[in-house]
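**Q** how would this look folded up:
(chains A and B)
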Amino acid sequence: MSKNLTKTVLPNGLQVLLKEIHTAPLISSWIWYRVGSRDEVQGRTGISHWVEHMQFKGTPEFPASVLDKSISRDGGVWNAFTYLDWTTYFETMPADKIDLGLRLEADRMVNSNFDPEEVTSERTVVISEREGNENEPLFLLGEAIQGAAFRVHSYHHEVIGDLPDLQSMDRDDLFQHYQNYYVPNNAVLAVAGDFETQSMQSRIEELYGSIPKREQHPYPARQEPDQRGEIRLSVEGPGETAYVQAAYRSPAAAHPDFFPLTVLDSLLAGPSNLNMFSGGISNKTSRLYRALVEKELAVGVRGGMQATIDPFLYSITMTIHPQRQPEEALNVLDDEIKKLHDEVVSADAVARAIKQAKALFAYGSENITNQAFWMGYAEMFADYDWFQTYLEKLAEVTPQEIQRVAREYLVERSRVVGIFVPDGKEAV
Amino acid sequence: MAMHNTSPIVQSLPGSDDINRTVLPNGIVVLSRTNFNSPSVVISGYITAGSIFDPEEKLGLADFVAAALMRGTKRNTFLEIYNKLESVGASLGFRASTHSAGFSGRSLSEDLPLVLSLLGEILQQPLFLDEYVERLRSQLLTGLAIRGQDTAEMASLTFDQILFDGHPYSLPSDGWPETIKMITRDDLVNFHQSVYGPVGMVISIVGAVDQEQAAEQVYDVLGNWQKEGQIQPGELPTLEPLEETIIRHYEIPGKSQSDVVIGTTAPMRKSDDFLPASLGNSILGQFGLMGRIGDVVRERSGLAYYAYSSLSAGIGPGSWEVSAGVNPGNIEKAQNLIVDELKRFVDQGISLEELADSQANFIGRLPLSLETNAGVANALINIERYELGLEYYRQYPGKVLAVTPEDVLITARKYINPDLLAVATAGSSVSI
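**A** Here you go, the predicted structure:
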């Protein structure tokens, strides 16, 4: 992956990252705001995600009906995502059409309508999105685990928000949130693709340079106190299939321990894929697959590392074999983790994890959207250097460090174990 | 829209001068295209070994075979196969559908010989050991139990049962729990023995490898594959059209959201009606934020997070579906809005402006859809499967621009009759 990146900060505080990639006549532009569910208080949960929805409802210059069609007409794709730490909007377009995406994002950074009628209509859309999520056992389980793992920190709730808040928030709440966080000094613009840096930089300055910087009143995240003992919970719901999720504390992405834990994850459950636009690989030779699926205690297992600003969770999810009990699978998980505590892994295992990461990087670099994604994404929890030196940092991981982080993070006293208990009712 | 075949964007698309098409002596068709922009390679392809061959009481057999192929060969155990792949961050997988068993994989270019070599032995020498058959059966049954709880999947499956009643397309290629339980190891062996073979097999390879060398590498691992008496798919039966609107509900207790699928048949992929139908579908439920359907059901009524239409066109008759996820209490309201939109679509047709928008979108998005190796590999497979011709993607802009609003209207009326629809819902009949 090339390293020809230009990074500047405009006088209004907007961070701009540009990277020329001339492999296809395409440009992908991403605007990132440092706001997500981490910045929400009780009573306003889900507000960042709802504001993201409202950003598609138009401005005086780009009314919703025009907005919808403009990008599609030019053969582009666009979308938006809200997560724990950030909200992002992207357009990937034929190179000669990207100006539309740049203008549109500059415009809706400050001019979105937040029409009260649109707020009313979108309320039911967001509730419908939540209802769709609630159909999924793993959403219900994940929500309960997050709630139990974070009593103090705002990672407590799901990005979609809690139903009572979705029912009660009003237009002014949303608009205030928008005004507070959608400011150039809280944003990163990352553009990659088939352009010339100088002219792209000038155009960005022209479009975004005059947007005034504004003082922000961010909600300060509260540090989660140490957990003093394992938490177990269960969630009941429809279906025949049981799931177990064990959520361990994981370090912030910028913490040095993130890398040994990444190698550990690769070894234990198969490599987590942080690319947003490129699939992962199978995990059938991972320790947990062999111990759980090959031994017929589970029919599937996967691990999940997340890159976050504050310490979050490393989750191992097991889909339980129909003839087995969740506890049996959990015992095997504990045995495997004990092995990691007791025995130093081989240097080969580390080399293997690095090769896997290298391949995933190569797959991700096939597509410009994914490359532009990384430029902004890495800035949300660290900086682009984090991404550029990722493979080097993995290569520095030693077997002893893996043992150390296993002992430090994969411990019972600070984990939450959730079991989805199916009610056994079959559909008809 | 001024876009001609001489434009640089169109010239960058796959065409006869940069796609290598080789037919091996045993019938395997290899399509390859070089792309050195990233150090990775994608392989994609299929064998004519789909669920169309499944006995009804053993539905899911083709899918079972596809899933079991990688569980050990004469040369490598299950673990050895995956150890070789995963150690280098490569992947390979098989999945059956109605007409074929498809496969796809990818790796760093340096590991392509490894992936192809595994592909060769997996296709020719699978063992289907008892131990793995039973383990896999549990996994498949769990997958079906999860499917049975998925409102979108069950609405779609119920829709197929209504629309394709009496036709193989009414049957789910992953089978039913009771049919999966009936399948024996001998069934897997016999299916593989009689149906898998080089005739009808297509493989595409795209990425950081010389395209001629890619074809040679396929020859090295599959060039000697011969299968006497390989059974070929027969003619599809004729589909009987619906005689009335049929509404069917699949009850899944305890779900907070229901899914609804409403629709009718669509043209085959090879039909001249495909492109007008496809452009019409874009206007109906894709363009912008899910087209007219999205506008009415989501934007104006706030009834659903997703509401869109889709066209599924393949070897046989296709389906033209409108799908939405709604609160159980709003199903009827959403259904009425969707049927009203279908009526408007066939009564009034589309405007020139709407068509121009979708035409611009179809042409403009080509470079994006063909950006990745997987995108190109998939395009090459479509070229072969539907006999589109190697110049198809370069001629595509002209074909798209030739479609008129009248073509779209005629096609819409030919396939969509708002009084003869398949309507399927899945979820809880009582609101949670």
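**Q** just checking, what packs against the worst-scoring helix or strand of chain B on mean pLDDT?
**A** Scoring the helices and strands of chain B by mean pLDDT, DSSP states H and E places helix B:8-11 at the bottom, with a mean of 71. Here helix B:8-11 touches helix B:392-401, going by 3 or more CB pairs under 8 Å, 6 or more residues apart in numbering or on different chains; DSSP states H and E. Using the backbone N, CA and C atoms, a C-beta is placed for each residue, glycine as well.
**Q** could you chop the chain up by domain?
**A** Defaulting to chain A. As assigned by automatic domain parsing, chain A contains the domains A:5-208, A:231-422.
**Q** not quite, I wanted chain B
**A** B:14-222, B:246-427.
**Q** name the helices or strands packed onto the helix or strand in which residue A:29 is found?
**A** Element membership for residue A:29 (DSSP states H and E) is strand A:26-33. If contacts are counted by 3+ CB pairs under 8 Å, 6+ apart, strand A:26-33 sits against strand A:87-94, helix A:98-110, strand A:187-193, helix A:368-381.
**Q** send me that strand as PDB with only the CA atoms.
**A** C-alpha atoms of strand A:26-33 as PDB (Å, rounded to 0.1, in the frame of the first residue of the first chain):
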ATOM      1  CA  LEU A  26     -12.900   6.700  -9.200                       C
ATOM      2  CA  ILE A  27     -12.800   8.900  -6.100                       C
ATOM      3  CA  SER A  28     -14.000   8.100  -2.600                       C
ATOM      4  CA  SER A  29     -14.700  10.900  -0.200                       C
ATOM      5  CA  TRP A  30     -15.500  10.400   3.500                       C
ATOM      6  CA  ILE A  31     -16.400  13.000   6.100                       C
ATOM      7  CA  TRP A  32     -16.000  11.800   9.600                       C
ATOM      8  CA  TYR A  33     -17.400  13.500  12.700                       C
END
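**Q** report the angle between the axes of the helix or strand just after it and strand A:87-94?
**A** Once strand A:26-33 ends, the next helix or strand along the chain (criterion: DSSP H and E) is helix A:47-54. Using axes from the mean of the first three to the mean of the last three CA atoms, to 10 degrees, the inter-axis angle of helix A:47-54 relative to strand A:87-94 is 30 degrees.
**Q** can you list contacts of helix A:47-54?
**A** For helix A:47-54, contacts defined as CB atoms under 8 Å, 6 or more residues apart in numbering or on different chains pick out A:35-37, A:39-40, A:80-82, A:87, A:89, A:112, A:114, A:118-119, A:122-123, A:125-126, A:159-161, A:165-166, A:169, A:173-174, A:177-178, A:181-182.
**Q** I'd like the next helix or strand past it.
**A** Taking DSSP H and E, what comes next after helix A:47-54 is helix A:64-73.
**Q** look at residue B:64 and give its secondary structure.
**A** Of the three states, residue B:64 takes helix according to DSSP: H, G, I helix; E, B strand; the rest coil.
**Q** where in the chain is pLDDT low?
**A** In the absence of a named chain, this looks at chain A. In the predicted model, chain A carries pLDDT under 70 at residues A:1-3, A:425-428.
**Q** oops, wrong one, chain B.
**A** Scanning chain B for pLDDT under 70 picks out B:1-8, B:430-432.
**Q** 90 instead, please
**A** Along chain B, the parts satisfying pLDDT under 90 run over B:1-12, B:37-38, B:288-289, B:299-302, B:367-368, B:371, B:429-432.
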